[in-house]
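[1] heads up, no residue letters with this:
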């Protein structure tokens, strides 16, 4: 037994050095692929370093402030949250996140955990995290005891963040390598947009009420790892040494549990058989059953087209990303402005606008498979039914959602008197966008790449902007009759008592303009099928 200990330690150290060198080799070889990749990497380093410097300056400026810990503790919690979710949204950012790549190697779980944990400390993310943690120490610590506690607290917090990311990535390895994992990667932009709105909302609240509002949150998070490590520094600074030791113990316990969870997941991944080729019993029978969705839709070609469009929303990553982004932003903009007291009930039209532009480039989501649609269109009537089915599929979600956002915004503002006119304007705008979107889909189609973040094939960016901007301007011009009626009712002597008429007028106008747009777009669609197929097949 005495000879196995040093040999085992030497073997673990050897595995660690090999994995760290492997991480550096992957990084170096990735940068050798192209000059553009090297430029992007250097640019990302510069941006991260600048942001890190600003973060450090802000934390240093808090030194001596009575609410410094109230800012530092939640900041570390947000940092840990970022470490937890980033592997889900950017699974290809680090090739070593997928432990199944090492399944054929004779590695034990514990040495592998140590090696991967050491490799995880190499990169921009750990450097940024370390700088933020050091900044929180500068902001919070004022005594020798606090700095001594920080010597243990900072490494524990850093290792907690890294181990959390690794445990989440290992537990979701199957998800990250599947189509749903790619869906998450496409939706990462939505997370950033929503997060930015939440941060903006919180910053405005803090600027008006002061940092003292964070104190209750910081008190709770001081017992949640890895924020508990910063809470231990604050406790040691205040002379509560027993409390500081308890919070350090909580952080150490969390790190131990994460490492055990990670090791257990690695053991299961590297010893379990691959079930990707196994078919569950009854799959064939399940496929033959008619879906519940088809039974709710109209019979005939219209229902088939609507079902296809709704399935695109659920299954196609790019279409799903566009829909979720439009739904989220269409809700965030009016409701958050209303919560901040700077909004208006007319901001609810933003939801109808965000969903209405999804009618543009309807054939682009079909890509090269558009030929199957083109084979079913032999007349203007067929083209009209095709466009009508796509518009109805969009309205199935957009109409109730626009109404929901309008009612919610009105409820937050408490201005129920303006609800009918806001609904009327929203429905009119939605109808105008459906009309111009159908026409634009026939006249200015473009291809949508299935991979990556680009929304159009190379050389088609001009068509995208012409379609969207021109269509939205045309939609606003088409809404001028309803807008003019709204303004006239507000400036007339007794017009306020008749504003409820805008709801039926706007609804009827939106339905009429949609029908007119579909009928005017059908001849162009039927006559330009080869051109549309060529345009949408370039990606």
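    Ah, there it is. Small disclaimer: the values here were computed from a predicted structure and weren't measured. Residues are numbered from 1 along each chain as shown.
[2] Can you tell me the SS state at the closest residue to residue 262 other than its chain neighbours?
    Nearest residue to residue 262, sequence neighbours excluded (CB to CB, 6 or more residues apart in numbering): residue 167, at 4.3 Å. In short, each C-beta sits where N, CA and C put it, glycine included. With DSSP: H, G, I helix; E, B strand; the rest coil as the basis, residue 167 sits in helix.
[3] I figured residue 167 hits residue 261, correct?
    Yes - the pair residue 167 / residue 261 is scored as a contact, 5.1 Å apart, by CB atoms under 8 Å.
[4] Can you work out which other helices and strands pack against the lengthiest helix in the chain?
    Longest helix in the chain, counting residues (DSSP state H): helix 380-413. Judged by 3 or more CB pairs under 8 Å, 6 or more residues apart in numbering; DSSP states H and E, helix 380-413 is in contact with helix 301-315, helix 317-339, helix 349-356, helix 419-443, helix 502-527.
[5] so which of those helices comes closest to residue 156?
    Comparison of the helices and strands packed on helix 380-413 against residue 156 by CB to CB identifies helix 317-339 as nearest, at 35.6 Å.
[6] Give me the mean pLDDT for that closest one.
    For helix 317-339, mean pLDDT is 82.
[7] Could you tell me the angle between that helix and helix 301-315?
    Using axes from the mean of the first three to the mean of the last three CA atoms, to 10 degrees, the direction of helix 317-339 lies 80 degrees away from that of helix 301-315.
[8] Centre of the chain to helix 317-339, how far?
    Centroid displacement of helix 317-339 relative to its chain, using CA atoms, centre = their mean, to the nearest Å, is 10 Å.
[9] So for it, what gets flagged as buried?
    Buried residues in helix 317-339, counted by 16 or more other CB atoms under 10 Å: 317-338.
[10] and if you look at stretch 132-143?
    For stretch 132-143, burial by neighbour count (16+ other CB under 10 Å) applies to 132, 133, 135, 136, 137, 138, 139, 140, 141, 142.
[11] what's the spacing between the first one and residue 59?
    Counting by CB to CB, to the nearest Å, the gap between residue 132 and residue 59 amounts to 8 Å.
[12] try the fourth one
    Taken as CB to CB, the spacing of residue 136 relative to residue 59 amounts to 6 Å.
[13] shared neighbours, these two?
    Jointly contacting residue 136 and residue 59 under the rule CB atoms under 8 Å, 6 or more residues apart in numbering are residue 72.
[14] rewinding a little: so for residue 167 and residue 261, which residue has more residues nearby?
    Using other CB atoms under 10 Å as the criterion, residue 167 and residue 261 rank with residue 167 on top: 23 against 17.
[15] Who are the contact partners of that one?
    Counted by CB under 8 Å, 6+ apart, residue 167 has contacts 258, 261, 262, 265.
[16] Give me the buried subset of those.
    Neighbour-count burial (16+ other CB under 10 Å) is assigned, among those, to 258, 261, 262, 265.
[17] looking only at pLDDT, what's the mean for stretch 169-183?
    Computed over stretch 169-183, the average pLDDT equals 62.
[18] Equivalent analysis for stretch 113-131, please.
    Averaged across stretch 113-131, pLDDT comes to 87.
[19] So for that stretch, what gets flagged as buried?
    For stretch 113-131, by 16+ other CB under 10 Å, it's 113-123, 125-126, 128-131.
[20] That one: end-to-end distance?
    End-to-end distance for stretch 113-131, by CA to CA, to the nearest Å: 24 Å.
[21] what does that stretch contact?
    Here stretch 113-131 makes contact (CB under 8 Å, 6+ apart) with 12, 15-16, 18-20, 22-24, 27, 44-45, 48, 51-52, 55-56, 79, 83, 86, 94, 96, 99, 154, 158-159, 161-163, 165-166, 259, 262-263, 266.
[22] Against residue 72, how distant is residue 221?
    The gap separating residue 221 from residue 72 is 10 Å, by CB to CB.
[23] neighbour count winner among these two?
    Neighbour tally, residue 221 and residue 72, criterion other CB under 10 Å: the higher count belongs to residue 72, 28 against 23.
[24] Next one, pLDDT for that one please.
    Listed pLDDT for residue 72 reads 90.
[25] That one contacts residue 139, doesn't it?
    Yes - contact between residue 72 and residue 139 holds when scored by CB under 8 Å: they sit 5.4 Å apart.
[26] list residues touching both of these two?
    Joint contacts of residue 72 and residue 139 (CB under 8 Å, 6+ apart) are 59, 62.
[27] Touching, residue 163 and residue 259? I think so.
    Yes - judged on CB under 8 Å, residue 163 makes contact with residue 259 at a distance of 5.7 Å.
[28] who's more crowded, the two?
    The residue with more neighbours, out of residue 163 and residue 259, is residue 163; 24 against 19, by other CB under 10 Å.
[29] In space, what's closest to that one - neighbours in sequence excluded?
    Among residues not flanking residue 163 along the chain, residue 258 sits closest, at 4.1 Å (CB to CB, 6+ apart).
[30] cool, residue 346 as well?
    residue 422 (6.2 Å).
[31] For the closest residue to residue 331 other than its chain neighbours, give me its contacts.
    Take residue 331 and drop its neighbours on the chain: the residue closest to it by CB to CB, 6+ apart is residue 405, 5.5 Å away. Residues in contact with residue 405 (CB under 8 Å, 6+ apart) are 330, 331, 334, 335, 348, 350, 351.
[32] Just give me the closest of those residues to residue 66.
    Of all the contacts of residue 405, the one sitting nearest residue 66 is residue 335; the distance, using CB to CB, is 33.7 Å.
[33] Could you double-check that the closest one sits in contact with residue 407?
    No - applying CB under 8 Å as the test, residue 335 and residue 407 come out as separate, 11.0 Å apart.
[34] Look up how far residue 122 lies from residue 20.
    6 Å.
[35] again with residue 259
    Per CB to CB, residue 259 is found 18 Å from residue 122.
[36] Residue 422 now?
    54 Å.
[37] Can you get me a residue count around residue 487?
    Residue 487 has 11 neighbours, counted by other CB under 10 Å.
[38] Could you tell me the phi and psi values at it?
    The phi and psi torsions at residue 487 (degrees, to the nearest 10) take the values phi -60, psi -40.
[39] Cheers, nothing more for now.
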